[in-house]
Structure formats: structure tokens, C-alpha cells
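Sequence below, structure please.
(2 chains)
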Number of protein chains: 2
Amino acid sequence: MSGFRHVVMFRWAEGTTTSQQEEARVRLAELPGVIPEIRGYSLGHDAGVNEGNYDFVVVGDFADRDDYLAYRDHPAHRAVIDEYIKPIMDQRAAVQYEL
Amino acid sequence: MSGFRHVVMFRWAEGTTTSQQEEARVRLAELPGVIPEIRGYSLGHDAGVNEGNYDFVVVGDFADRDDYLAYRDHPAHRAVIDEYIKPIMDQRAAVQYEL
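Residues are numbered from 1 along each chain as shown, chains lettered A, B, ... in the order given. From the prediction side, this is the model:
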């Protein structure tokens, strides 16, 4: 397999509602229909198995680094970050790597 | 698609060498040969595209939550954590979610 993967986790701020968290997921889930560079896109709320976990994860697959950068900087992606992620975000952890 | 995914990121402690980081990756990469519950296993050192990232990520896929728990608690996995991960770990961030 070859490609470039972006993984990011968020811990939501205290007081964030379930509907705000789900709204962020729904808005992100629309991006593959808008950003053709997205080859694979998987989103998940933490299942609650382990204590101390982050709350939400995004796993995005791209053909290469340039396609990831197109996604990262795409206005539709930035709008979701600004309107739905940042207002409820406490912590963020990310890694990008070559598949 | 159905299944259960485990994602974990590590930030290595200051002073950790590249060979220690690669040793951790190599030891983890042996686990699919030892733990039959692992359905998919992807490991990556951060590509250095963005500042502030974590250093390393593990994406593990399992048929279900029970298979993930078998991996989590498997002695071969715990041994890699104790011998190769914990000694160089600064921060850890994890999410498990239903695929």
C-alpha cells in the first residue's frame, strides 16, 4: 500500500454537548463530497473503553503529501474547523505519515 | 465496513534517539505475527509536515471490541509497551471507535 495518512484526535472542552460533538462529525463527514483529494475518511467518537482517552478521531487517507495539503488548506475544511471544531476544542493531537 | 479501531499517538521524551524510536516501531510491527486478533495494523513516524505534532501513531483494526481487548492485554503487547514504549514516552493520546 502507498499513500499518505493524516490522523488527528480532539479532546472536547468541558461542557460540550453531545449534539455539538455530533454536529462536528456530521460536518466533517460532508468533506469527502467536496474535496476530491480525500481517498478515505474515517471518523469516530471514542467508544469509552479506556479512561483518559481523547474524544474524537479523524483518519484521512490521501494519494500523497500534496493531496493531504490540498485537504488541509481547503476552504470547506477550514470552515468546518473554524465553525464546528475550534469552538468546542480543548486539546488536539495529530500525526501525518507515509503509508 | 464494520469493526473496531484503536488509534494511539505518542510524543517521545526529549533526548530519545531515532534508533530508539525505530526499535519501538519494529517491535510493534512483530505483533500481528503473534496476536491473531489483529486484523489490520499500521504504524508511522510523523512525516514532519506540521509543527506541534505527536511523533508516532498506531492504527489497529479488530473485528470487534473483544478482539481489541485481547490485543490490549496480550502479554506480547504489554512487553513491547513496558520495554520499548514507556521508557521513551512523554505523552500519549488514544481513541477507540466502532468502524
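
count of neighbours near the residue lying closest to A:Glu22 once chain neighbours are set aside?
Leaving aside its sequence neighbours, A:Glu22 sits nearest to A:His45 (CB to CB, 6 or more residues apart in numbering or on different chains; 7.8 Å). Placement of C-beta: from N, CA and C, glycine included. The local packing of A:His45 (other CB atoms under 10 Å in any protein chain shown) involves 17 other residues.

cool, and A:Tyr71?
21.

Kindly report the same for A:Asp82.
By other CB under 10 Å, 10 other residues sit near A:Asp82.

same check, this time on A:Tyr84
With other CB under 10 Å as criterion, A:Tyr84 counts 18.

just the one 4 residues further on next, same as before
Summarising burial for A:Ile88: neighbours were counted as other CB under 10 Å, giving 19.

Please tell me how far it sits from chain B.
Between A:Ile88 and chain B the distance is 16 Å, computed by CB to the nearest CB, to the nearest Å.

Pull the contacting residues for the closest residue in space to A:Phe10 that isn't next to it in sequence.
Among residues not flanking A:Phe10 along the chain, A:Phe56 sits closest, at 4.8 Å (CB to CB, 6+ apart). Counting by CB atoms under 8 Å, 6 or more residues apart in numbering or on different chains, A:Phe56 makes contact with A:9-10, A:12, A:21, A:24-25, A:43-46, B:95.

With respect to A:Met89, which of those residues is nearest?
A:Met89 has its nearest neighbour among these in A:Phe10, at 5.6 Å by CB to CB.

The closest one: neighbour count?
Around A:Phe10 there are 25 other residues, counting by other CB under 10 Å.

Equivalent analysis for A:Arg72, please.
Counted with other CB under 10 Å, residues neighbouring A:Arg72 total 18.

mind listing what the residue nearest to the spatial centre of chain A touches?
Of all residues in chain A, the one closest to the mean position by CA atoms, centre = their mean is A:Val58, 3.6 Å from it. In this structure, A:Val58 makes contact with A:6-9, A:28, A:41-43, judged by CB under 8 Å, 6+ apart.

Just to be sure, it is in a strand?
Yes - per DSSP: H, G, I helix; E, B strand; the rest coil, A:Val58 lies within a strand segment.
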